[in-house]
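# Quick one, what's the 3D model for this:
(4 chains)
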Protein chains: 2
Amino acid sequence: MDESTRSSEKLRQAVDVFWETFPPLWRMIHAHIREVAVEQFNITVEQFHILRHIRRGQDSVSALAEAKDISRPAISQSVDLLVTKGLIVRTIDPQDRRHVKLDLTADGNALMDAIFGDTRQWMMETFAPLSANEIQALTCSMESLKKIL
Amino acid sequence: MDESTRSSEKLRQAVDVFWETFPPLWRMIHAHIREVAVEQFNITVEQFHILRHIRRGQDSVSALAEAKDISRPAISQSVDLLVTKGLIVRTIDPQDRRHVKLDLTADGNALMDAIFGDTRQWMMETFAPLSANEIQALTCSMESLKKIL
DNA sequence: GTAAAATAGTTTCGATAATTAACCATTAAT
DNA sequence: ATTAATGGTTAATTATCGAAACTATTTTAC
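Residues are numbered from 1 along each chain as shown, chains lettered A, B, ... in the order given. Modelled structure (predicted):
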């Protein structure tokens, strides 16, 4: 077996274990966010993700549509709802009046702080059984994944 | 700073880098599956995930609803659609006639092989820039995550 | 400098998908 | 033998999404 065959097998193994691990993990995280978001704040997980993207700087309808891979009208409608709920505000950019800048309100930020704090807490508890070395490996491999995206 | 404080900071760091890495990665994977599933096989990503769960052994409506965290009627409707498409079959369990066992048809399995093969290929190409050590770390950390879920 | 094209976003409308509530069939419990 | 619980479906309602058409603004081309 030559070198490239062996490395491609390792790669395949990594991909396979990824599929065994991440979908259930992601599902658990979703379930947890749903609990907090729906039961405490009455927003859906999808709305949470929109708020998350806005907080991370995707602050226009187009940017959100691109980031979430759904249509602009769909985003526009969700934004409507979140504006109605008082979680975000639309402000027209005076430099280019076509742009509509999206920002979290104080309420929106507080909500995100709460959900994120809660979720982080839960994830830390979930990850707690890992050894220091395993935590380290996890962090490193995430960092290396982040580089190649 | 004591030992537990330090380890909890590491944990928090791992959680944070997770949030920076995983959602965009998952989004890319979804986008890729969507391309293949929709354009080549005319099923949605959600339908793909249902087929994936069935193939992995969640072979009843209740099990799927539990696994995907959505209502049983929603699953039942999706199953209807997939049965119509000839991708899965319902068979009543003679031992307990309330049970309806779900199985992929030959077509369903072929479709999953195709989408999964394609996705795995794409992921392998995406992960290819990683070094052998990074691949190793990734595999290990996912194995350790899998253990604690 | 104006007409055409491109960009950003919204509205409308039709289709899909989700939820709740009510329901049937079957099995388990008292 | 009733009653309760389980597994699943059906029906009605609501929510979400996308395509097409529309408004407003800015950029490009002539």
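# any bit of the lengthiest helix in chain A sitting next to chain B?
The single longest helix within chain A, with elements called by DSSP state H, is helix A:3-34. Yes - residues of helix A:3-34 contacting chain B under CB under 8 Å from any CB of the partner chain: A:7-8, A:10-18, A:20-28, A:30-31, A:34. Any C-beta I mention is one placed from the backbone N, CA and C, and that applies to glycine too.
# just those residues that are near DNA strand D?
Judged by CB under 7 Å from any atom of the strand, the overlap between the residues of helix A:3-34 next to chain B and the neighbourhood of DNA strand D is nil.
# on that earlier part again, helices and strands around the very next helix or strand once past the longest helix of chain A, which ones?
On the C-terminal side of helix A:3-34, the closest following helix or strand by DSSP states H and E is helix A:41. The elements that helix A:41 packs onto, with contact taken as 3 or more CB pairs under 8 Å, 6 or more residues apart in numbering or on different chains; DSSP states H and E, are helix A:106-127.
# now for the helix it packs on, which elements pack on it?
The elements that helix A:106-127 packs onto, with contact taken as 3+ CB pairs under 8 Å, 6+ apart, are helix A:3-34, helix A:41, helix A:45-55, helix B:3-34, helix B:132-148.
# out of the residues of helix A:3-34 next to chain B, which are buried?
Among the residues of helix A:3-34 next to chain B, those scoring as buried are A:Lys10, A:Leu11, A:Ala14, A:Val15, A:Val17, A:Phe18, A:Thr21, A:Phe22, A:Pro23, A:Leu25, A:His30 (criterion: 16 or more other CB atoms under 10 Å in any protein chain shown).
# Nearest to DNA strand C, out of these: which one, please.
Relative to DNA strand C, the closest of those is A:His30; by CB to the nearest atom of the strand it sits at 11.4 Å.
# Spatially nearest residue to A:Asn109, not counting backbone neighbours?
On the basis of CB to CB, 6 or more residues apart in numbering or on different chains, the spatially nearest residue to A:Asn109 that is not a chain neighbour turns out to be A:Arg55, at 7.5 Å.
# Now for that neighbour, how many residues are close by?
The number of residues packed near A:Arg55 is 17, by other CB atoms under 10 Å in any protein chain shown.
# any residues touching stretch A:30-50, and which ones?
With contacts defined as CB atoms under 8 Å, 6 or more residues apart in numbering or on different chains, stretch A:30-50 is touched by A:51, A:64, A:68, A:75, A:78-79, A:81-82, A:85, A:87, A:111, A:114-115, A:118-119, A:122, B:23, B:69.
# Kindly report the same for stretch A:130-137.
For stretch A:130-137, contacts defined as CB under 8 Å, 6+ apart pick out A:Phe127, A:Leu138, B:Ser7, B:Lys10, B:Leu11, B:Ala14, B:Ala137, B:Cys140, B:Ser141, B:Ser144, B:Leu145, B:Ile148.
# mind redoing it with 7 Å?
Contact with stretch A:130-137 is made by A:Phe127, B:Ser7, B:Lys10, B:Leu11, B:Ala14, B:Ala137, B:Cys140, B:Ser141, B:Ser144, B:Ile148, as judged by CB atoms under 7 Å, 6 or more residues apart in numbering or on different chains.
# In ChimeraX, how would I select just the buried ones from the contacts of stretch A:30-50?
For the buried members of the contacts of stretch A:30-50, the matching ChimeraX selection, counting by 16+ other CB under 10 Å, is:
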select /A:51,64,68,75,78,79,82,85,87,111,115,118,119,122 /B:23
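# Residue nearest the middle of chain A, spatially speaking?
Residue closest to the mean C-alpha point of chain A, counted by CA atoms, centre = their mean, is A:His49 at 5.6 Å.
# State the distance from it to DNA strand D.
As for A:His49, its distance to DNA strand D is 9 Å (criterion: CB to the nearest atom of the strand, to the nearest Å).
# same deal with A:Gln58?
15 Å.
# does that residue really touch A:Ala65, like I thought?
No - in this structure A:Gln58 lies outside contact range of A:Ala65 using CB atoms under 7 Å: 9.3 Å.
# any idea which helix or strand carries the residue lying closest to A:Ala74 once chain neighbours are set aside?
Once its chain neighbours are removed from consideration, A:Ala74 has its nearest residue in A:Ala65; the separation is 7.5 Å (CB to CB, 6+ apart). A:Ala65 belongs to helix A:61-68 when elements are defined using DSSP H and E.
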